[in-house]
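A.B. asks: Got a predicted model here, sequence first, then my questions.
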Amino acid sequence: MEEKDQNLYRLQLRREYPLSMKLHFTRLRIKQWYEYYEGLVYVSFSGGKDSTVLLDIVRSMYPDVPAVFCDTGLEYPEIRDFVKRIGNVVWLRPEMNFRKVLQHYGYPVVSKKMAQYIGEVQRTKSPSLRKLRLTGIKKNGDHSPMSAISKKWHYLVDADFKVSEKCCDVMKKKPLNKYSKETGRVAYVGVMASEGGNREHNYIKYRCNAYETKHPTSKPLAFWRETDIWEYLHTFNLPYSKIYDMGYSRTGCMFCAFGAHLEKGPNRFQQMEITHPKQWKYCMVNLGMKPVLDKIGVDYMVRQIDMPFMKRSQDGRT
């Protein structure tokens with residue numbers, strides 16, 4: 001069996017472990033990382049439930065490990081309020097705010113991969129790159145479908161707004177990488193392979209502790225599932241941000257449109273209109289998201305949809 005197949009098998013096997021066994025392996029990976037870097041580590045802390053669990057486990061073993069929060073200005077107010085209650089947190093700020101990122105690079109829509117490809121076609125003067133992204137055909141004539149924009153999104157190339165995947169790089173990765181370079185500390189990150197994207201691929205390639213990458217990172221929760229996170233929170237009576245009690249399942253950047261077209265029922269923007277009307281108005285008017293969402297077919301207003309959700313949100317209960 002090849003190594004990648006072995007790692008996939010391990011991932012599938014460990015996903016089925018009970019919480020007690022998952023904790024055992026998670027603590028082992030935390031310990032290995034801590035000792036390898038002689039304690040020069042930190043927890044990348046978003047204020048969300050996953051990084052809250054990770055921080056609690058790390059500090060149960062090493063109480064002095066700092067948490068690092070990147071204050072992008074895009075967090076839900078409930079997330080920021082929760083982070084303020086946590087001790088030993090380093091607050092970072094990006095050099096460029098979101099409005100400037102949108103103006104300079106473009107809007108984050110569809111997915112990081114599609115946004116990257118669409119943005120490249122919008123900007124490029126290279127006929128070969130344009131051909132690759134639109135057709136999947138390389139210079140040598142080989143066909144690479146994974147290198148092309150999905151036909152569904154070709155029309156966005158000619159949109160009257162710029163598209164880009166750069167916001168996360170500029171607003172989160174750059175400040176965190178700068179912190180790591182200045183302090184010599186390396187990160188624990190609370191991501192799980194089950195969250196999709198490249199996360200499962202990266203686990204199969206590097207497993208939990210990636211020592212040999214450009215930016216070494218430990219992901220000791222990689223084989224956990226969301227149900228394990230909630231089990232941990234309830235088992236250990238661990239406080240978490242109240243945003244999750246307002247009908248939200250994701251707590252990333254408020255104004256990000258990545259994946260919004262896939263959401264059923266009240267999507268993140270419709271939820272925001274009810275729970276955070278001030279931020280919703282800023283997003284739609286000041287940041288110009290209305291025409292962008294119209295273009296990709298994402299509704300942003302609560303019409304006659306899930307009325308029980310509206311009541312839950314206003315009451316502040318699940």
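C.D. replies: Received the coordinates, thanks.

A.B. asks: pLDDT weak spots in the chain?
C.D. replies: 1, 4, 195-206, 304-318 (pLDDT under 70).

A.B. asks: now the strands for it?
C.D. replies: Using DSSP state E, the strands of the chain run over 41-44, 67-70, 89-92, 109-110, 186-189, 209-210, 217-218, 257-258.

A.B. asks: For Tyr155, which of the ones you listed is the nearest?
C.D. replies: Nearest to Tyr155 among the strands of the chain is strand 109-110; the distance by CB to CB comes to 11.5 Å. No exception for glycine: its C-beta is placed from N, CA and C like everyone else's.

A.B. asks: Please name every helix or strand in contact with that closest one.
C.D. replies: Helices and strands touching strand 109-110, by 3 or more CB pairs under 8 Å, 6 or more residues apart in numbering; DSSP states H and E, are strand 257-258, helix 289-296.

A.B. asks: okay, now the domains of this structure?
C.D. replies: For the chain, automatic domain parsing gives the domain ranges 3-96+167-243, 109-158, 254-315.

A.B. asks: contacting residues for the residue nearest to Gly48 when sequence neighbours are not counted?
C.D. replies: Once flanking residues are discounted, Gly48 sits nearest to Thr251: 4.6 Å by CB to CB, 6 or more residues apart in numbering. By CB atoms under 8 Å, 6 or more residues apart in numbering, Thr251 lies in contact with 46-49, 75-76, 79, 241, 243-244.

A.B. asks: possible to save the residues you listed as JSON lines with neighbour count and distance to Cys168?
C.D. replies: Output for the contacts of Thr251, formatted as JSON lines (neighbours: other CB atoms under 10 Å; distance: CB to CB, whole Å):
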{"residue": "Ser46", "neighbour count": "26", "distance to Cys168": "12"}
{"residue": "Gly47", "neighbour count": "26", "distance to Cys168": "16"}
{"residue": "Gly48", "neighbour count": "23", "distance to Cys168": "15"}
{"residue": "Lys49", "neighbour count": "21", "distance to Cys168": "19"}
{"residue": "Glu75", "neighbour count": "23", "distance to Cys168": "13"}
{"residue": "Tyr76", "neighbour count": "23", "distance to Cys168": "17"}
{"residue": "Ile79", "neighbour count": "21", "distance to Cys168": "16"}
{"residue": "Ser241", "neighbour count": "24", "distance to Cys168": "20"}
{"residue": "Ile243", "neighbour count": "23", "distance to Cys168": "20"}
{"residue": "Tyr244", "neighbour count": "17", "distance to Cys168": "22"}
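
A.B. asks: Return the member of these nearest to Pro216.
C.D. replies: When the contacts of Thr251 are compared for distance to Pro216 (CB to CB), Ser46 comes out closest, at 19.2 Å.

A.B. asks: returning to that earlier point: of the contacts of Thr251, which is the nearest to Ile137?
C.D. replies: For the contacts of Thr251, the nearest to Ile137 is Ser46 (39.5 Å; CB to CB).

A.B. asks: I'd assumed Val170 was in contact with Val101.
C.D. replies: Yes - using CB atoms under 8 Å, Val101 is in contact with Val170, at 5.4 Å.

A.B. asks: what about the nearest residue to Met114 once chain neighbours are set aside, neighbour count?
C.D. replies: Among residues not flanking Met114 along the chain, Trp153 sits closest, at 5.5 Å (CB to CB, 6+ apart). Using other CB atoms under 10 Å, the number of residues around Trp153 comes to 19.

A.B. asks: Please apply the same query to the one 10 residues further on.
C.D. replies: Val163: 27 surrounding residues under other CB under 10 Å.

A.B. asks: Same question for Trp224.
C.D. replies: Using other CB under 10 Å, Trp224 is surrounded by 28 other residues.

A.B. asks: Could I get the contacting residues of the closest residue to it other than its chain neighbours?
C.D. replies: In space, and not counting its chain neighbours, Trp224 is closest to Met192: 5.1 Å by CB to CB, 6+ apart. For Met192, the contact set (CB under 8 Å, 6+ apart) comprises 50, 199, 219, 221-226.
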